[in-house]
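Chemist: I'll drop the sequence and a predicted model, then ask my questions.
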Amino acid sequence: MKDKKAKFKIFLIAGFFIISGFLIFSSPAFAATNSNTFYSQVKDKDQAYDFSTISWTAYEPTNTSVAISARAGNTGTPDGSWTDWNVVSNGGSLDAIDGYQYVQYKAVFTYTDTSLTPNLQDITINLVFYSNGVLTSSKYDTSSDANVMGGIKWDEDASLPSGTTVTVSLRTASSAVNLDTASWSNFTNATANCAKVSGTVTCTSSAIPSAMKDGLNDQWVQYKTTLTSTGANKPAVDNVILTYVVNARPEFDVPNTTASQISDSSNTNWGKVAIVYPIRDPDTTTGT
């Protein structure tokens with residue numbers, strides 16, 4: 001039997017690279033001289049894959065048949081950790097062997113007339129591989145250099161698929177230009193002061209680095225999501241929310257500020273200068 005032929009196509013879907021392709025097993029026609037079973041070589045795909053469908057070309061005269069089964073595992077030699085043989089249909093699904101590195105098929109040839117025997121010409125196993133992906137948000141202007149980051153939360157799979165991770169990162173700077181060289185702070189559902197309830201991960205202010213909460217040089221904000229996979233499964237992230245507070249400085253009403261010396265000798269502050277001034281917090285719409 002000749003070596004496999006591998007063809008691949010690459011797509012970008014929601015920030016996640018998907019490499020799809022197929023393995024083509026080709027060989028000279030194998031004619032059955034009785035009821036025979038042919039076992040293919042074990043094919044190594046270097047890492048776990050999502051095997052999607054299988055199809056083949058066979059010559060099956062009247063009263064003959066070719067039946068195909070497939071199995072997969074993570075060891076180079078089939079053992080007890082491999083899947084059972086799964087009988088498959090031409091063009092059918094291979095979901096039963098998803099997530100494994102090695103794959104093998106077998107073909108069973110049967111006939112009733114010795115003058116007419118079936119043969120198998122080729123088999124194609126289609127596969128999908130999920131690689132790592134990064135999605136970076138646009139830069140956001142909070143409009144105040146005194147901005148204070150208050151937290152971050154996002155939605156992910158309630159239980160991340162096997163072999164996958166989700167990381168949400170945050171950075172701030174005084175300007176859009178400086179944001180390009182600012183360091184990222186990374187958060188996951190396991191980060192200290194982050195909690196996951198169902199599929200929502202919430203990182204409170206305590207999880208945010210102090211440099212993002214000092215009210216200095218944090219006017220511009222940006223986040224990114226990093227999704228990783230060993231190849232067989234894919235995670236999902238949705239609805240990233242940043243919480244921030246623009247803690248503006250107090251405002252003094254200078255024109256209405258007064259200063260006068262206390263002339264009442266009975267006043268404990270007699271002789272001192274009393275300064276009276278209005279002040280307000282611009283972060284609120286109430287009070288003076």
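Modeler: Thanks, I have it.
Chemist: CA only for contacts and neighbour counts going forward, please
Modeler: Will do.
Chemist: And the pLDDT for the spatially most central residue of the chain?
Modeler: Among the residues of the chain, the one closest to the centroid is residue 227, at 2.6 Å (Cα atoms, centre = their mean). Residue 227 carries a pLDDT value of 94.
Chemist: so it makes contact with residue 133?
Modeler: Yes. Counting by Cα atoms under 8 Å, residue 227 does reach residue 133; the two are 5.2 Å apart.
Chemist: for this protein, which spans come out with low pLDDT?
Modeler: Scanning the chain with the threshold set as pLDDT under 70 gives 1-33, 246-248, 282-288.
Chemist: Can you tell me the element the residue lying closest to residue 166 once chain neighbours are set aside falls in?
Modeler: Ranked by Cα to Cα, 6 or more residues apart in numbering and with sequence neighbours excluded, the top spatial neighbour of residue 166 is residue 227, at 4.9 Å. Residue 227 is located in strand 220-229, with elements delineated by DSSP states H and E.
Chemist: Enumerate every residue touching residue 209.
Modeler: For residue 209, the contacting residues are residue 185, by Cα atoms under 8 Å, 6 or more residues apart in numbering.
Chemist: Tell me what residue 102 is bridged to.
Modeler: Under DSSP bridges, the beta-bridge partners of residue 102 are residue 44, residue 73.
Chemist: That one contacts residue 44, doesn't it?
Modeler: Yes. Shown here, residue 102 and residue 44 form a contact pair, counting by Cα under 8 Å, at 4.7 Å.
Chemist: These two: who's more crowded?
Modeler: Shown here are residue 102 and residue 44; by other Cα atoms under 10 Å, residue 102 has more neighbours (23 against 16).
Chemist: Tell me the spacing between that one and residue 268.
Modeler: Residue 102 sits 91 Å away from residue 268, taking Cα to Cα, to the nearest Å as the criterion.
Chemist: where does residue 206 land in three-state SS?
Modeler: For residue 206, the assignment made with DSSP: H, G, I helix; E, B strand; the rest coil gives helix.
Chemist: Quick check: it touching residue 195?
Modeler: No. Judged on Cα under 8 Å, residue 206 makes no contact with residue 195 at a distance of 11.7 Å.
Chemist: the more surrounded of these two?
Modeler: Neighbours were counted for residue 206 and for residue 195 using other Cα under 10 Å; residue 195 has more, 16 against 13.
Chemist: quick one, what contacts the more buried one?
Modeler: Applying Cα under 8 Å, 6+ apart to residue 195 gives the contacts 189, 201-203.
Chemist: Kindly provide the distance from it to residue 201.
Modeler: Separation of residue 195 from residue 201 (Cα to Cα): 6 Å.
Chemist: what sits against the nearest residue to residue 273 once chain neighbours are set aside?
Modeler: Leaving aside its chain neighbours, residue 273 sits nearest to residue 261 (4.2 Å; criterion: Cα to Cα, 6+ apart). The contact partners of residue 261, by Cα under 8 Å, 6+ apart, come to 270-274.
Chemist: how about TSV for these, with neighbour count, distance to residue 88 and secondary structure added?
Modeler: Converted to TSV, the contacts of residue 261 look like this (neighbours: other Cα atoms under 10 Å; distance: Cα to Cα, whole Å; DSSP: H, G, I helix; E, B strand; the rest coil):
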residue	neighbour count	distance to residue 88	secondary structure
270	13	101	coil
271	13	101	coil
272	12	97	coil
273	12	96	strand
274	13	93	strand
